[in-house]
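Q: Give me a model of this one.
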Amino acid sequence: MNEGITSFVGLDVHQDSIAVGLAPEGREEPRFLGTVVPQWAVLSRTLRRLGSPKALKIVYEAGPCGYTLARQPRAHGYACEVIAPAKIARAPGDRIKTDRRDALLLARAARAGELVSTPAFSPTTEYNLRARYDWHVNDYKMFFGVGAEHVGDMQNEPSSFQSGYGATVPTTTWLRYDQPAYTTYDAAFGIAKDQWHVEAYGTNLSNSDASLFTSSAQFIKSEVPLRPRVLGIKVGFKF
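A: Numbering: from 1, shown residues only. Here you go, the predicted structure:
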């Protein structure tokens, strides 16, 4: 959604420079604003001259700078999206690439709504429930607690990135993978008297199997798995 956005900023990002293009809302021709050094202090001065953070939408093409650049404007209230190169439409036979042309192309495409994407690691639903009951029996203090955590479907890269489905040997480190939803349950029962306490606990009681982070880094598909079911007993003494 571009509610409240009045200008679209396209950045052609390199390690030693950032070309800036601007496409105002409406039909006005996008214009090139120049090139700045890749430092947030310098780029932010250019952005401040264009309007308030809520009035601007910034886009740039995924490259060697990764998400580092995106974090800085987002932290200051700007809407900023990283776009996969494959999602940027170019005219057939257009092989000429310059910083100026690319910055203007990004700004124009963002204004036209051609670069809409779902952010990475944005689950459709997410919640955490906890309940605990404490009671006393003579000199003993006891408790029982239960909990549940649910994380909905999400993707490891913005939806504009190339899908990794069916790719046995990744050819890029920017592949997008679906990370299915999962729910975990845990419980604990404890008893304490004087300085002693004992607790029996269990985490991920349903032994849900899911990936917390999927990536094609190093040109292989890798996953960080959800920790399996764990049952244990803790004994403690307060000195």
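Q: Now do the buried residues in the helix ranked longest in the chain.
A: Using DSSP state H, we find that the single longest helix of the chain is helix 99-111. Using 16 or more other CB atoms under 10 Å as the burial criterion, the residues of helix 99-111 that qualify are D99, R101, D102, A103, L104, L105, L106, A107, R108, A109, A110, R111. The way it works is simple: take the backbone N, C-alpha and C, and place the C-beta from them, glycine included.
Q: Need the three-state assignment for W174.
A: Three-state assignment for W174 (DSSP: H, G, I helix; E, B strand; the rest coil): coil.
Q: Could you measure from it over to F189?
A: Computed with CB to CB, to the nearest Å, the distance linking W174 and F189 is 46 Å.
Q: And those two? Which one has more around it.
A: Regarding W174 and F189, a neighbour count based on other CB atoms under 10 Å identifies W174 as having more, with 22 against 14.
Q: what sits against that one?
A: Taking CB atoms under 8 Å, 6 or more residues apart in numbering as the criterion, W174 is in contact with A62, A84, E157, F161, Q162, S216.
Q: Looks like the first one contacts I83 (just checking).
A: Yes. The pair A62 / I83 is scored as a contact, 6.5 Å apart, by CB atoms under 8 Å.
Q: Redo the contacts of W174 as a markdown table? Include distance to V37.
A: Supplementary listing: these in a markdown table, determined by distance: CB to CB, whole Å:
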| residue | distance to V37 |
| --- | --- |
| A62 | 21 |
| A84 | 25 |
| E157 | 28 |
| F161 | 27 |
| Q162 | 30 |
| S216 | 31 |
